[in-house]
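A.B. asks: Quick one, what's the 3D model for this:
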Amino acid sequence: MNRIKIGDMIPSFTLKDQNGNDFDITTLLGRKKLVIFFYPQDGSLNCTREACYFRDLSEVFDEADAVLIGISGQSVESHKEFAEKNGLKYTLLSDTGNNVRKLFGVPGSMFGLIPGRVTYVADRSGKVVYIFNSQTEVQRHVDEALKMCLLLKKTDKMNF
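C.D. replies: Residues are numbered from 1 along each chain as shown. So this is what the prediction gives:
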């Protein structure tokens, strides 16, 4: 299985969002920084903590010109319910066949029984600049992604 590494480009993919609409990642490449986080399951304790922490800091990500995208294997309906129950305003994508998870090479954990939790940060061009992989340090996924987005924002200003 190929794994996305720092320096690789975000692969193109299209999945259904929580509203049942097609979401094509290529529409954001060249326009926004991306924070793509793979999580195991809607509604589980740690996944809810992570999703809500991203929600709580979503304005700061917006100010850093970054788009938040959560991906897991549950259905569109499950994502819609999860988003509504927790007030999540960012995009949740349904990867029911785990095809995008495989495309990124997100490892499983616990003998492969639980889907892995990995966060990718990509610059405006779509190049991966940071990866954080931890099943249990859910808040660190958000903190580390935010640090990287703020760092990218500083370098954006220096390049203009």
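A.B. asks: Only C-alpha atoms from now on, for both contacts and neighbour counts.
C.D. replies: Will do.
A.B. asks: Can you name every helix or strand that the helix or strand of the chain with the lowest mean pLDDT contacts?
C.D. replies: Lowest on mean pLDDT, DSSP states H and E among the helices and strands of the chain sits helix 138-158, with a mean of 89. In terms of contacts (3 or more CA pairs under 8 Å, 6 or more residues apart in numbering; DSSP states H and E), helix 138-158 is packed against helix 45-56, helix 58-63, strand 118-122, strand 128-133.
A.B. asks: for whichever helix or strand comes after the second one, the distance to its chain's centre please.
C.D. replies: Beyond helix 58-63 on the C-terminal side, the first helix or strand identified by DSSP states H and E is strand 66-72. Its chain's C-alpha centre lies 3 Å from the corresponding centre of strand 66-72 when counted by CA atoms, centre = their mean, to the nearest Å.
A.B. asks: in its sheet, what does strand 66-72 sit against?
C.D. replies: Partners of strand 66-72 in the sheet, by DSSP bridges, are strand 33-38 (parallel), strand 91-94 (parallel).
A.B. asks: can you redo those as CSV with mean neighbour count, distance to Thr26 and mean pLDDT?
C.D. replies: Compiled in CSV, these are given as follows (neighbours: other CA atoms under 10 Å; distance: least, CA to CA, whole Å; pLDDT from 0 to 100):
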stretch, mean neighbour count, distance to Thr26, mean pLDDT
strand 33-38, 25, 11, 97
strand 91-94, 26, 14, 98
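A.B. asks: closest to Lys102 out of those?
C.D. replies: Lys102 lies closest to strand 33-38 among the strands paired with strand 66-72, at 11.1 Å (CA to CA).
A.B. asks: Report the inter-axis angle for that closest one versus helix 45-56.
C.D. replies: 160 degrees (axes from the mean of the first three to the mean of the last three CA atoms, to 10 degrees).
A.B. asks: and for strand 33-38, what are the contacting residues?
C.D. replies: For strand 33-38, contacts defined as CA atoms under 8 Å, 6 or more residues apart in numbering pick out 65-72, 101, 106, 116-126, 145, 149.
A.B. asks: same check, this time on stretch 68-85
C.D. replies: Here stretch 68-85 has contacts from 16-20, 34-43, 54, 58, 61, 88-98, using CA under 8 Å, 6+ apart.
A.B. asks: Next, the buried residues of the helix or strand hosting Lys102.
C.D. replies: Counting by DSSP H and E, the element that carries Lys102 is helix 99-104. Residues of helix 99-104 classed as buried under the neighbour-count rule (16 or more other CA atoms under 10 Å) are 100-101, 103-104.
A.B. asks: Please consider this matter closed, and thank you.
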